[in-house]
Structures are given as C-alpha cells and as structure tokens.
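Chemist: the sequence isn't on hand, but the structure is:
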C-alpha cells in the first residue's frame, strides 16, 4: 500500500529566509501525482504545488519550488523568502491515477519568526 | 464564485444519533471526496466518488456512508456515530482526483464534529 511520510512534525524559519520541508513516499507505480497543500489557521486547504511523476522538471510556483527525486521517492518543498503568511500546516499528498484515492502525509507545522 | 459548501460547520451530538453532513459544489466537478483530519495523522480519505452513482471506499470508510445521486451533492452519513468519529471533516471536489494546474481540488471549509 502506498504511504506518505513527513518526518518533520514542526519546523521554524526566520522571515525572509529559505526553508525546506521533506516528504517521502512509497509506491510501486511509475506514473503518479504529488502535491503540497497548505492549511493556515483558518483551516482552509490550499493547493501550493503539483508535480506529475513523468515530468522530470521540478515544479515551481512563485516562491515555492519542489525537489522531486523519483528514484529516491522524495518530494521536498522549498519556500524562499519566507513570509509571515506562510505559517501553516503543510501536507504532502500522493495520487496514483486521476480517479483514485489521495493519500496525505501527517503534516509539518511551519512557524515563521519575525 | 466557485465553491464547495459544507454544512454544518460545527456539530456536537451524542453517540448513536444519526447525522448527515452535506456537501455541495457549483463547479460541475465529477470527482468528490470526504476526508477526516486528526492530529498527527493528516487527512485520511473516507469515501470518494468519480461520478453520479459511482462511489468507492477510501482508507477509513468504517462507520460512514455516502451517496451521489446528483453531481453537485455528496452527503456524508453517520448512521450511528461514536466518539472515535470526533474529528474535523473536509469535503473536496475537482474535475479529476488530482485536478490540474488550472483546476486544483477545491476544499470546503471543514466541519468540526464532536460525538459525546
């Protein structure tokens, strides 16, 4: 069965600095999707970034980028120039195919220090 | 405005009293799903639906029922709630399970259920 692991329950970063959140997953599939979601205190779930496994190029969305290492089954999220609004719970998620169940990791709580 | 609407937002009830959490989306999405969120466990999928009259179990379906009689609605039913179902619940919808860059999964605002 597929699993998603986030080994850092909590992390902190100084404002304007860069932080990397780790995620590893276990799968025997060759094609799949990976996601990072942000959940601020408002409880909203917000998609941060999406990566398709067949694409070698790492996805980037403004200050957010990923380091996708398919062989190592690693999918880390890098947040550059951290802002106070980045403080939230971040979830890594895996999806096998377009019509299948989504598997989330346990989350990493990120604090941003002014 | 594109949105997923869940009701109620908060509910405190007692063991064994049937309850329904409604979920409605206005984006004509085919894929809808329910998750529960518990500390240290992230979000776990309860049920999902690929289209009308098509539903499938997620990772934690025990104690829950769903139906998909119309494309826009996907209610979650707890026939006989128990304290271990106390949790934060999210409904989500998308054009497909993962969505795409232009149409990611849309989540509702969550429903906090407390079963005493």
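Modeler: Thanks, I have it. Because the structure is a prediction, the values reported are computed rather than measured.
Chemist: who in chain A is up against chain B?
Modeler: Within reach of chain B by C-beta under 8 Å from any C-beta of the partner chain, chain A has these residues: A:4, A:6, A:9, A:33, A:35, A:43-45, A:47, A:50, A:91, A:93, A:95, A:97-107. In short, each C-beta sits where N, CA and C put it, glycine included.
Chemist: confidence-wise, which helix or strand of the chain is lowest on average?
Modeler: Since no chain was named, I'll use chain A. One helix or strand of chain A scores below all others by mean pLDDT, DSSP states H and E: strand A:102-104, with a mean of 87.
Chemist: please refer instead to chain B.
Modeler: Going by mean pLDDT, DSSP H and E, chain B bottoms out at strand B:106-107, a mean of 89.
Chemist: how far does that one sit from its chain's centre?
Modeler: 11 Å (C-alpha atoms, centre = their mean, to the nearest Å).
Chemist: what's the answer for stretch B:40-52, then?
Modeler: 7 Å.
Chemist: likewise stretch A:76-88?
Modeler: 11 Å.
Chemist: just checking, what packs against the helix or strand where residue A:92 lies?
Modeler: For residue A:92, the enclosing helix or strand under DSSP states H and E is strand A:88-95. Under the contact definition 3 or more C-beta pairs under 8 Å, 6 or more residues apart in numbering or on different chains; DSSP states H and E, strand A:88-95 sits against strand A:3-5, strand A:33-39, strand A:74-79, strand A:102-104, strand A:108-113, strand B:42-51.
Chemist: which residue sits closest to the most centrally placed residue in chain A in space, ignoring its chain neighbours?
Modeler: Centroid-nearest residue in chain A: residue A:36, 3.3 Å away (criterion: C-alpha atoms, centre = their mean). Using C-beta to C-beta, 6 or more residues apart in numbering or on different chains and skipping the chain neighbours, the partner closest in space to residue A:36 is residue A:48 (4.4 Å).
Chemist: can I assume the one you found is in contact with residue A:34?
Modeler: No. Applying C-beta atoms under 8 Å, one finds residue A:48 not in contact with residue A:34, separated by 11.3 Å.
Chemist: so what's residue 3 scoring on pLDDT?
Modeler: You didn't say which chain, so I picked chain A. On pLDDT, residue A:3 comes in at 90.
Chemist: chain B was what I was after
Modeler: For residue B:3, the predicted pLDDT is 91.
Chemist: show me the contacts for the residue nearest to residue B:18 when sequence neighbours are not counted.
Modeler: Distance criterion C-beta to C-beta, 6+ apart; nearest residue to residue B:18, sequence neighbours excluded, is residue B:79 at 5.5 Å. For residue B:79, the contact set (C-beta atoms under 8 Å, 6 or more residues apart in numbering or on different chains) comprises B:18, B:63, B:65.
Chemist: just residue A:38 next, same as before
Modeler: So residue A:38 contacts A:45-46, A:48, A:86, A:88-91 (C-beta under 8 Å, 6+ apart).
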